[in-house]
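> below is the sequence, then the predicted model.
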Amino acid sequence: MSKLKIKSLNFKDFNVAENNFIISFSAVLLGLIAGAVFIAVLGTNPFSAFSYLFRGGLMNIERIGNTLATATILLFVGLSVSFAFKTGLFNIGASGQMLIGGLCATVIALNSSMPRPLLLLVLIIAAMIGGAVWAALPGLLKAVFNVHEVVSTIMMNWIAYWIVYYSVQGYLKAEFIETESRSIAVEHTLRAEWLSKIFGSEYINYGIFLGVLGMILVKIILDKTTLGFELKAAGYNKSGAEYAGIKVNRNIIFSMMIAGALSGLAGLTYYAGYSLNMQIGVLPSQGFDGIAVALLGAGNSVGVALSSLFFGVLHVGKGFMSANTTVPPEIADTIIAVIIYFTATSLLLKRFWSKLQKYKKKTVKEAD
């Protein structure tokens, strides 16, 4: 009798097909299997290659620090994209918002003599405002003219690209290198000597604490506030929200601005914490990798954090894998692409798990 109850609880009360963790884990597993096939075709032992891949991101405290620094940037972009998802929007303009947020922070950092605590606060505010303003226009176009945000945000990406291109060359150019800005003095950045000493990594910075704070605030806004309820309502059912008296157009703009502010913080963390300068002719790939992070994290703040850590390991470890095997680093990008594919087609995974669960239920009944 007790066995019957346990089995009934496992397969009746717990719906595997609707569990986001199971779906995400399935996508990761399938991505790794696909990567193993590619690696085997290249004539390398997949287990050896994966060992180097994950060791490259985790084998010592310095590499863990590098992984955390990389994951922090992806966390901000993942939160940005997932916030927009939660409110019915698709923010594919995180790269442009990163550029503008990073540009605002870089201009201030290169020309400031403020005390460091005040400077850091100003940099954070400037990056958030830059990203929010850059996302506000697509939100306005969506709200007023129903222009799809995917189209407008892609256009804004390239406008930001060229603004940075001409701004760096015209006003911020380094003395001997024309393709990048002057380097920001370390004391004017998010880098912290005590963090570098702990991890032995120069890349880790205060952005990691901002990322944790961002996770908490996004969770609170979406789940605990009236604004969050209105944003989700406007995104999921525009007509119903309007009928309920919610100002839908205003909330669409607000949603894009909050998403843009998060991407602006990603730009701050990258350009004034990780690299310390801006290069022209580069559209930051993190803006697109963050889409994968958001999809794999299933729009949940904690899920996005775990997803960003996983992708951080892949990004940091792929060079180590390539150096110790004949596998090119692009294989890691291929794994990420396959994971995105399976995550995006999560409906198929849900159907698979649903059918498997029904089969298990049937088997249990027949056995009893």
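Structure received.

> quick check: longest helix of the protein.
If you go by DSSP state H, the chain has its longest helix at helix 116-145.

> buried ones in that helix?
119-120, 122-135, 137-143 (16 or more other C-beta atoms under 10 Å). Any C-beta I mention is one placed from the backbone N, CA and C, and that applies to glycine too.

> do stretch 189-202 as well
Buried residues in stretch 189-202, defined by neighbour count with 16+ other C-beta under 10 Å: 189, 190, 191, 192, 195, 196, 199, 201, 202.

> look at the residue lying closest to the first one once chain neighbours are set aside and tell me its secondary structure.
I take that to be residue 189. Excluding the flanking residues, the one nearest residue 189 by C-beta to C-beta, 6 or more residues apart in numbering is residue 272, at 4.9 Å. Here residue 272 is recorded as helix under DSSP: H, G, I helix; E, B strand; the rest coil.

> cool, and residue 281?
Judged by three-state DSSP, the three-state class of residue 281 is coil.

> you'd agree it is up against residue 165?
Yes - contact criterion C-beta atoms under 8 Å: residue 281 and residue 165 qualify, at 6.6 Å.

> pick out whichever of these two has more residues nearby.
Comparing residue 281 with residue 165 by other C-beta atoms under 10 Å, the one with more neighbours is residue 165, at 17 against 11.

> now that one: closest residue in space, sequence neighbours ignored.
Excluding its sequence neighbours, the residue lying closest to residue 165 (C-beta to C-beta, 6+ apart) is residue 280, at 4.7 Å.

> ok, now how distant is that neighbour from residue 287?
From residue 280 over to residue 287 the distance is 16 Å, taken as C-beta to C-beta, to the nearest Å.

> for the two, indicate the residue with more neighbours.
More crowded of residue 280 and residue 287, by other C-beta under 10 Å: residue 287, with 29 against 18.

> just to revisit the earlier point, chain center to the helix or strand that the longest helix of the chain is followed by, what's the gap?
As assigned by DSSP states H and E, the chain's next helix or strand after helix 116-145 is helix 149-167. Here the centre of helix 149-167 is set off from its chain's centre by 19 Å, with C-alpha atoms, centre = their mean, to the nearest Å.

> for the record, mean pLDDT for the helix or strand just after helix 149-167?
Using DSSP H and E, the helix or strand that follows helix 149-167 in sequence is helix 193-199. Throughout helix 193-199, pLDDT has a mean value of 95.

> who does helix 193-199 touch, helix- and strand-wise?
For helix 193-199, the packing partners by 3 or more C-beta pairs under 8 Å, 6 or more residues apart in numbering; DSSP states H and E come out as helix 61-86.

> what helices or strands is the helix it packs on leaning on?
Helix 61-86 packs on helix 46-58, helix 94-110, helix 193-199, helix 207-224, helix 226-236, helix 248-269, helix 286-296, helix 301-324, going by 3+ C-beta pairs under 8 Å, 6+ apart.

> any chance of those in TSV, with distance to residue 35 too?
Output for these, formatted as TSV (distance: least, C-beta to C-beta, whole Å):
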stretch	distance to residue 35
helix 46-58	7
helix 94-110	25
helix 193-199	28
helix 207-224	27
helix 226-236	34
helix 248-269	26
helix 286-296	14
helix 301-324	10
